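Peer 1: need the 3D shape of this:
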Amino acid sequence: MNARIRRTAAMDPALVTAWEQLQVHYDTYQNSAPFWTAYQAIQDALTLAHPERRIDVCNQLATLAEQLGVVDRAQLLGERCAEHVSEDRHAESTP
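Peer 2: So this is what the prediction gives:
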């Protein structure tokens, strides 16, 4: 899917630039490592700029990637308590 998708009036203003950047990187790299490196950089910038909305902007960015056709279905983050994420992540690791 190489066609540019127009943003809607309902798009979160915080994501307008991210949307445009994602499209450029997808047009250039498709679903390859350089695209995902750019995606992570865009996501990092968004979460730094909007720390109080990190989960929301990450989910919106993932949804934009889905709309571009990068993934069939975006994997969205849930509203989990930050103190439990670390515990969950290491629950099955060995000492």
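Peer 1: remind me which residues of this protein are low pLDDT?
Peer 2: For the chain, applying pLDDT under 70 flags the ranges 1-10, 79-95.
Peer 1: buried ones in the longest helix belonging to the chain, by neighbour count?
Peer 2: Secondary structure of the chain per DSSP state H: the longest helix is helix 33-49. In terms of neighbour count (16 or more other CB atoms under 10 Å), helix 33-49 has its buried residues at 35, 38, 39, 42, 43, 46. Where you see a C-beta, it was placed from the backbone N, CA and C, and this is true even at glycine.
Peer 1: and stretch 55-66, by the same measure?
Peer 2: 56, 57, 58, 59, 60, 61, 62, 64, 65.
Peer 1: who's in contact with it?
Peer 2: 12, 14-15, 18-19, 22, 39, 42-43, 46-47, 50, 71-79 (CB atoms under 8 Å, 6 or more residues apart in numbering).
Peer 1: show me how far it is from its chain's centre.
Peer 2: 4 Å (CA atoms, centre = their mean, to the nearest Å).
Peer 1: now stretch 65-82
Peer 2: 7 Å.
Peer 1: got the buried residues for it?
Peer 2: Buried, per 16+ other CB under 10 Å, within stretch 65-82: 65, 67, 68, 70, 74.
Peer 1: name the next helix or strand downstream of the longest helix of the chain, please.
Peer 2: Next along the chain after helix 33-49, taking DSSP states H and E as the criterion, comes helix 54-68.
Peer 1: dump the C-alpha coordinates for that next one into CSV.
Peer 2: Taking Å, rounded to 0.1, in the frame of the first residue of the first chain, the C-alpha atoms of helix 54-68 are listed here in CSV:
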residue,chain,number,x,y,z
ARG,A,54,2.6,7.8,26.7
ILE,A,55,0.2,4.8,26.3
ASP,A,56,-2.3,6.8,24.3
VAL,A,57,0.3,8.3,21.8
CYS,A,58,2.0,4.8,21.4
ASN,A,59,-1.4,3.3,20.6
GLN,A,60,-2.3,6.0,18.2
LEU,A,61,1.1,5.7,16.5
ALA,A,62,0.6,1.9,16.2
THR,A,63,-2.9,2.5,14.7
LEU,A,64,-1.3,4.9,12.1
ALA,A,65,1.1,2.2,11.1
GLU,A,66,-1.8,-0.2,10.7
GLN,A,67,-3.6,2.3,8.5
LEU,A,68,-0.5,2.6,6.3
